[in-house]
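1. Sequence plus the predicted model coming up.
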There are 2 protein chains.
Amino acid sequence: MKPVSIKDIAKAAGVSHPTVSRALCFSPLVKAETAQRIRDMATAMGYRPNAVARGLVTRRTRTIGAVVTTLTDPFHGEVLSGVEELASDHHYSVFVANCNADADREIRVVKLFQERRVDGIVVMCSRVGALYAPLLRELKIPIVLINSNYPNDVFDSVAIDNLGASLQAVQHLISLGHSQIAYLGDQFGLDSDRERFAGYRQALLGAGLPVVTSLTVCGDGTPEGGQAAAARLLALPEPPTAIFCYNDQSAIGALSAIRVHGLRVPEDVSIVGFDDLRIASFANPPLTTVRQPRQLMGRTAAGILLDLLSGSVGQTHVQIPGELIIRRSTATCSTAVSDIQEPAI
Amino acid sequence: MKPVSIKDIAKAAGVSHPTVSRALCFSPLVKAETAQRIRDMATAMGYRPNAVARGLVTRRTRTIGAVVTTLTDPFHGEVLSGVEELASDHHYSVFVANCNADADREIRVVKLFQERRVDGIVVMCSRVGALYAPLLRELKIPIVLINSNYPNDVFDSVAIDNLGASLQAVQHLISLGHSQIAYLGDQFGLDSDRERFAGYRQALLGAGLPVVTSLTVCGDGTPEGGQAAAARLLALPEPPTAIFCYNDQSAIGALSAIRVHGLRVPEDVSIVGFDDLRIASFANPPLTTVRQPRQLMGRTAAGILLDLLSGSVGQTHVQIPGELIIRRSTATCSTAVSDIQEPAI
DNA sequence: TCTTTGATCGAAACGGGTTTCATACAGGAA
DNA sequence: TTCCTGTATGAAACCCGTTTCGATCAAAGA
């Protein structure tokens, strides 16, 4: 009926249950042959340790909680996969909870994790980074934030170098002769959006180009949102010759909008994405984008968390550089070429 | 130091700890005003119940385990999202574990879940469906399988109607005049692959068309695999005029291969995918595909599991019909048109 | 021979809740 | 007043492990 416990084994083996416990943990305190006999009996009886009971007494559950904004986003899935991978290598299990990009829900989820007595928490793209400080003081659970380095001095974090990467991406466009460059952001992107915009802005200013308000539009991180936002750009009296998108999903939507508008990529408009999702290289044309090592970021965050759990102290902030992957959605600006009287190829 | 327990509250309130327990559970056994006083004190002291301890005594942890083959696949992410959504609505938490499409690991993961005393398990695209029978007898944990209805009579399951959906998809191609139709499968697709192939085969035979061995190739469910497999098809002396793909990811790879090969979709080759991933409608051209309601499938599976947990008996097998979404990657077969001397449009 | 030491193991406590059972007491009926 | 009933609460057991402490015993040293 009930699963076998160490007491059942103890009875069967004619020893006390602590002895069984020790034998199963390979404690040197029990005679080798006795221990072997007990272990044999345990496997014979189909014993499976009860992690719940163990967690109660040891106050370590060997679980970590992962809070994710939208599980349906392949980006998050891959980061989560990295977290899970490293965690499971270290015999940790991971709870996953979706907060649907809702700050209240994010807090609720974290509190639920606390009730579950997870050993640590990883939060991806937190909505409430700044609010964790007081919450955490109350919680006393190690937290690592991924791509939401709000209070950079309070929490351990792993984040892509948004500013540097966008700078690089937009400089790439500038080097191709573009000057009418748009930024297609994510209204829910929070910090990441702000930083990527900052990189965009910095690149323009660095090249002596103006930052035109009408060339900044907002999507929502999805292809649909990207499509709609790009359509707005194309409807401008002076549409951009290049669009730097918040992420690949938006960029894919933008590609679609441009096609619908009867223009070609990259001949008429260049597009740069962000993330390098697996499908980016299969877009038509293959997308120039900034690669974010997603699984690595997940693994890194989990690694920091595990370090924290094994007693390491001091903050760790890993800033991961993005890598610009140049594919075929970006090309020399045709109008620029004619401006400076270069011969067409 | 330690988190506050009901005993701490009991001491502070001058009652016994069972009374506190009852008050917090809104048991009618404790006087209303006492209960209120206790609850006020609990919140004042920042009490958070310990789910581990509760799980130990009640033998219900309110957790479910989700086994997923590849978390990085957006398909799985969305199903998982559905599972998590319904679970969290019912105050269940979900453990997620990746088995990397490895049967041994899948079994290990399930056993780990058992140690964690999850109340139930959802397995997506199981590698070892058939093996669960003996394992389960030993485990005694309710399991629901998603898209892996191996022993259809042993486990509760939710599955897409692979055969019916493929039949419909391939009939669509046939109705467009195609007769050289290829099947681009997934070597790791197991049952799903077999069933989709069966639907393909049935459609061909039903239309009096031959099933040509060389027109059946295998990818691995990824764009890369689809690209490679499609390239093999295009290299045939008599290449297909239409390709029915195991999933959208493969189809996207195929689109890319066809482009590289200098052919156009759908003018030269029609492509049908499977899943209707969010990006399917943003492919170029937008992909004709079979829609699988992924989140719904996850929710449904979780619903069955929760029913099981609340004592329902009897098997539930939900077969979800796929919906053919016709977009622009399929068109009338040009060679067929010339064969039957129809005027070109 | 007596004490010390180390090896081996059992008894008991503990973790933080829930549940059963017993008790105390107030109010109502006889 | 006595008995009964119901309400409100506490004591204790329990869930299943781990850990501390103490006991036993044999071997080794004094």
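-> Nice, thanks for sending it over. Numbers count the residues shown, from 1 in each chain, chains lettered A, B, ... in the order given.
2. okay, CA-based contacts and neighbour counts for the rest of this
-> OK.
3. which stretches of the stretch 1-150 of chain A have low pLDDT?
-> A:1, A:137, A:149-150 (pLDDT under 70).
4. Spell out which parts of it neighbour DNA strand D.
-> Within the stretch 1-150 of chain A, the positions adjacent to DNA strand D are A:2-7, A:17-19, A:21-22, A:24-25, A:48-50, A:53-54, A:56-58 by CA under 7 Å from any atom of the strand.
5. which other residues reach stretch A:74-89?
-> Contact with stretch A:74-89 is made by A:64, A:66, A:68-71, A:93-94, A:124, A:275, A:277, A:294-303, B:71-74, B:77, B:96-98, as judged by CA atoms under 8 Å, 6 or more residues apart in numbering or on different chains.
6. dump the residue contacts of the residue in the stretch 151-300 of chain A positioned nearest to DNA strand C.
-> Using CA to the nearest atom of the strand, the closest approach of the stretch 151-300 of chain A to DNA strand C is made by A:Phe155 at 25.5 Å. Contact partners of A:Phe155, counting by CA under 8 Å, 6+ apart, are A:143-145, A:149, A:315-316.
7. and the residues of the stretch 1-150 of chain A next to DNA strand D, which are buried?
-> A:5-7, A:17, A:19, A:21, A:24, A:48-50, A:53-54, A:56 (16 or more other CA atoms under 10 Å in any protein chain shown).
8. In strands only, show me those.
-> Members of these lying in strands (criterion: DSSP state E): none.
9. Can you tell me the SS state at A:Arg105?
-> Following DSSP: H, G, I helix; E, B strand; the rest coil, A:Arg105 is assigned to helix.
10. any low-confidence regions in the stretch 151-300 of chain A?
-> Confidence mapping of the stretch 151-300 of chain A against pLDDT under 70 gives the ranges A:151-153.
11. Would you map the strands across it?
-> All strands of the stretch 151-300 of chain A, identified by DSSP state E, counting those that start in this stretch, fall at A:156-160, A:181-186, A:216-219, A:242-245, A:270-272, A:289-291.
12. In JSON lines, list those along with distance to B:Leu190 and mean neighbour count.
-> JSON lines is the format used below for those (distance: least, CA to CA, whole Å; neighbours: other CA atoms under 10 Å in any protein chain shown):
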{"stretch": "strand A:156-160", "distance to B:Leu190": "37", "mean neighbour count": "25"}
{"stretch": "strand A:181-186", "distance to B:Leu190": "39", "mean neighbour count": "27"}
{"stretch": "strand A:216-219", "distance to B:Leu190": "39", "mean neighbour count": "21"}
{"stretch": "strand A:242-245", "distance to B:Leu190": "38", "mean neighbour count": "30"}
{"stretch": "strand A:270-272", "distance to B:Leu190": "37", "mean neighbour count": "29"}
{"stretch": "strand A:289-291", "distance to B:Leu190": "32", "mean neighbour count": "26"}
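13. Relative to B:Lys11, which of the ones you listed is closest?
-> Each of those was scored for nearness to B:Lys11 using CA to CA, and the closest is strand A:156-160 (37.0 Å).
14. if we can go back for a sec, just the buried residues from the contacts of A:Phe155, in PyMOL please.
-> In PyMOL, this line selects whichever of the contacts of A:Phe155 come out buried by 16+ other CA under 10 Å:
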select buried, chain A and resi 143+144+145+149+316
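15. With distance to A:Val290 added, can I get the contacts of A:Phe155 in TSV?
-> Shown next, in TSV, are those (distance: CA to CA, whole Å):
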residue	distance to A:Val290
A:Ile143	27
A:Val144	23
A:Leu145	21
A:Asn149	19
A:Gln315	27
A:Thr316	24
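16. nearest to chain B, of the contacts of A:Phe155?
-> Using CA to the nearest CA, A:Ile143 comes nearest to chain B of the contacts of A:Phe155, at 17.3 Å.
17. phi, psi of that closest one?
-> Dihedral angles of A:Ile143 (phi, psi; degrees, to the nearest 10) stand at phi -130, psi 140.
18. Tell me the bridge partners for it.
-> As for beta bridges, A:Ile143 partners with A:Ile121 under DSSP bridges.
19. That one: what's it in contact with?
-> A:120-123, A:155-156, A:305.
20. ok, how many other residues are close to A:His91?
-> Per other CA atoms under 10 Å in any protein chain shown, the neighbour tally for A:His91 reads 12.
21. What separation is there between it and A:Ala254?
-> As judged by CA to CA, to the nearest Å, A:His91 and A:Ala254 stand 43 Å apart.
22. just checking, A:Thr332 touches A:His178?
-> Yes - the criterion here is CA atoms under 8 Å, and A:Thr332 meets it with A:His178 at 7.4 Å.
23. Contacts only, for the residue in the stretch 201-345 of chain A positioned nearest to DNA strand C.
-> Closest to DNA strand C within the stretch 201-345 of chain A is A:Leu309: 18.0 Å, counting by CA to the nearest atom of the strand. Contact analysis of A:Leu309 by CA under 8 Å, 6+ apart lists A:119-120, A:142.
24. Just the pLDDT at it, thanks.
-> Note on A:Leu309: pLDDT of 94.
25. which phi and psi does it have?
-> Phi and psi for A:Leu309, reported as degrees, to the nearest 10, are phi -70, psi -30.
26. same question, the one 4 residues further on
-> Geometry field for A:Val313 lists phi and psi as phi -120, psi 170, criterion degrees, to the nearest 10.
27. Give me the neighbour count for it.
-> Count around A:Val313 with other CA under 10 Å applied: 9.
28. Also A:Ala231?
-> Neighbour count of A:Ala231, defined by other CA under 10 Å: 19.
29. wait, what's in contact with the residue nearest to it when sequence neighbours are not counted?
-> Nearest non-adjacent residue to A:Ala231, counting by CA to CA, 6 or more residues apart in numbering or on different chains: A:Ala257, 5.7 Å away. By CA under 8 Å, 6+ apart, A:Ala257 lies in contact with A:227-228, A:230-231.
30. How about the helix or strand where A:Val109 lies and DNA strand C, touching?
-> Assigned by DSSP states H and E, A:Val109 falls within helix A:103-115. No - residues of helix A:103-115 are not located near DNA strand C by CA under 7 Å from any atom of the strand, the shortest gap being 8.6 Å.
31. ok, that helix near chain B or not?
-> Yes - Helix A:103-115 is in contact with chain B by CA under 8 Å from any CA of the partner chain, via A:114-115.
32. before we move on, back to that, which of the contacts of A:Phe155 lies closest to DNA strand D?
-> For these, the nearest to DNA strand D is A:Ile143 (24.0 Å; CA to the nearest atom of the strand).
33. Residues of chain A that sit close to chain B?
-> So far as CA under 8 Å from any CA goes, chain A lies against chain B at A:48-53, A:55-56, A:71-74, A:77-78, A:80-81, A:84-85, A:88, A:93-98, A:114-117, A:223, A:252-253, A:256, A:278-279, A:282-284.
34. that older thread, next one: the residue nearest to A:Ala231 from A:Ile271, what distance?
-> 12 Å.
35. what about stretch A:199-212, how long is it end to end?
-> Span of stretch A:199-212 from end to end, CA to CA: 15 Å.
36. hmm, back to that, B:Ala32 is nearest to which of the strands of the stretch 151-300 of chain A?
-> strand A:156-160 (44.7 Å).
37. and the closest one, what does it pack onto?
-> Applying 3 or more CA pairs under 8 Å, 6 or more residues apart in numbering or on different chains; DSSP states H and E, one finds that strand A:156-160 contacts strand A:143-146, helix A:294-309, strand A:317-320.
38. most packed of these?
-> When you average the neighbours per residue for each of the helices and strands packed on strand A:156-160 (mean count of other CA atoms under 10 Å in any protein chain shown), strand A:143-146 leads with a mean of 26.
39. how about the helices in the stretch 1-150 of chain A?
-> Chain-ordered helices for the stretch 1-150 of chain A, with DSSP state H, counting those that start in this stretch as the definition, fall at A:6-13, A:17-24, A:32-44, A:51-58, A:74-89, A:103-115, A:132-139.
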